[in-house]
Every structure is written in C-alpha cells, then in structure tokens.
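**Student:** A structural model of the following input is requested.
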Amino acid sequence: MPNKPMLVFLAANFLFVASGGLILAFALVSEREKRALPTITNVAQRILLGQCPLTSAIVNSILMFITFLISLLAVLLPNNRGWLRAHGWLVVSCACFTLGLGLSIWFGTLQTRRAMGETWAEETSITQSLLQQRFNCCGYTNSTTPPFVQDATCIDSVVAAQKGGCVTPFSDFANSYLDIIFTTAFGVVAADIILLLCTAMVLKHRQEVERFRYIDEKTGFSAF
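**Tutor:** This next block holds a predicted model:
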C-alpha cells in the first residue's frame, strides 16, 4: 500500500499532467481558431492568438507528458532514486519553460498600445473593418490616423470622428484577454513547484528507508 508521501506525490503528479493537458488543449484550439475565417466575434481573438507562442506551448505540453511518464517509472520502482531525480529535473525544466511562456505574454501586455498599432497597420481593410464593428470605433488612434475603413459602423467622416479610435477598446480587450492566458501559465508553474516539493519529499523518504535498511543489515536485524 502506498505511503502518505507517495499518495501526496501521486495527487500532485496528476495535477501536473492535467495542467499539461490544459496547455495542449488551449494551443490546439487556438491554432484552429487562428485558421478560421475572421468574423466580428472572433477577429480580435485571432489577432491576439497570432502573437502567442502556441508552437512552444505544444512543445511544453509534450515535455510535461514525458515527465509524467518518467514519474510512473519512479512509482513502479520504489527502491530506485535515479528515475525520481530525473523526474525532479524534468519538472524544473517544465516550470522554467512555462514561466518563460507566461513572461513573454506578460511582457507583451506592457506594450499593448504600440504593438496593437503595428498589428492594426499590417491587417487588411476587411480585418480593420471587422475590428471597427467589433469595438464600435473608427480608425486606430482616431478616424484619420490611420484613416478609418468605411463600413456600416463608420459610414462617413462625420460619424467616424464622433465614434473615436479603436486604440482604447482594442487595447483594453487585449490586456484582459492576455491577462487570463499568462495568469493561467503562472498557475501551472505553481503546480509544478508543488510537484517538485512532493518529489523532494518522496526522495527524502526513500533515502531514509534505504539508510535504515542499511543499518538493519549491519546490525543483523534484517533477518527478523
């Protein structure tokens, strides 16, 4: 029957692999959404997801699954500490990888207005029009810089001037959307740290068991 340290380790390990599944699911769904035709509903998300390191997220999730498989070897070999040490170093690698992804997204939010302005300029007039309809605005900074796209929202220059630019609503949406993503990434790092502490606990427990077994063998109590 598993001891208490091992039960806690297993619980943390399943939380860890569930986090890896969450990252993989998000990356795959986001990749599919990026390839979908732009609409008023998804146009802003498509642009933001295009700036997220989705390929790196998939690689990160694969590394987390490999780490989980290594942990199973450590569980099945209770007297072995080598696989447990390897698992611990892999957990550290996963935590650093995920932290890097989260920090890259967080750093992007510090320059949202400038970055979104560059993105706006690179988009087609169709995408700009969808953004105008999505946020009920005209142009990026204002209706003239850059010039607005004439559509059902921005009928003419008079209406466009009254509505104002998209910089504020678009930037606010981008910040709130990306905040959720990088906060989730930091939450996954917290789960990694918990698993790392549990791994160290199990490793210490096995060291103690091995030490007492060695003492028993020297004193002759192992025969009883």
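**Student:** Could you measure from the spatially most central residue of the chain over to L103?
**Tutor:** When CA atoms, centre = their mean is applied to the chain, the residue found nearest the centroid is A185 (3.8 Å). For A185, the distance to L103 (CB to CB, to the nearest Å) stands at 8 Å. C-beta here means a position set from N, CA and C on the backbone, and glycine is covered the same way.
**Student:** what does Q45 give?
**Tutor:** Taken as CB to CB, the span from Q45 to L103 is 21 Å.
**Student:** Neighbour count: the two, which is higher?
**Tutor:** Q45 (17 against 14; other CB atoms under 10 Å).
**Student:** if I pick that one, what's in contact with it?
**Tutor:** Applying CB atoms under 8 Å, 6 or more residues apart in numbering to Q45 gives the contacts 33, 177.
**Student:** Secondary structure element for it, which one?
**Tutor:** Using DSSP states H and E, Q45 sits in helix 43-49.
**Student:** Helices along this protein, start to end?
**Tutor:** Per DSSP state H, the chain carries helices over the ranges 4-35, 43-49, 54-76, 82-109, 112-122, 125-135, 157-163, 167-219.
**Student:** ok, and the closest non-adjacent residue to G102?
**Tutor:** The shortest distance from G102 to any residue that is not its chain neighbour, by CB to CB, 6 or more residues apart in numbering, is 3.2 Å, and that residue is A185.
**Student:** Is it correct that the one you found is in contact with G100?
**Tutor:** No - when contacts are counted by CB atoms under 8 Å, A185 is not listed as touching G100 (9.2 Å).
**Student:** so where's the protein shaky on pLDDT?
**Tutor:** Where the chain drops to pLDDT under 70, the residues are 1-2, 209-210, 212-224.
**Student:** 90 instead, please
**Tutor:** Confidence mapping of the chain against pLDDT under 90 gives the ranges 1-9, 34-36, 50-51, 72-84, 108-123, 142-148, 164, 201-224.
**Student:** Check the gap between F173 and I180 for me.
**Tutor:** Between F173 and I180 the distance is 11 Å, computed by CB to CB.
**Student:** Give me the more crowded residue out of the two.
**Tutor:** For F173 versus I180, the count of surrounding residues by other CB under 10 Å is larger for F173: 19 against 9.
**Student:** residues contacting that one?
**Tutor:** F173 makes contact with 44, 135 under the criterion CB under 8 Å, 6+ apart.
**Student:** and if you look at G102?
**Tutor:** G102 neighbours (CB under 8 Å, 6+ apart): 182, 185-186, 189.
**Student:** filter those to the buried ones?
**Tutor:** Buried subset of the contacts of G102 (neighbour count, 16 or more other CB atoms under 10 Å): 182, 185, 189.
**Student:** re the thing from before, which one of the helices of the chain lies nearest to P147?
**Tutor:** Nearest of the helices of the chain to P147, taken as CB to CB: helix 157-163 at 8.9 Å.
**Student:** Give the buried residues for the closest one.
**Tutor:** The neighbour-count check on helix 157-163 (16+ other CB under 10 Å) flags 160, 163 as buried.
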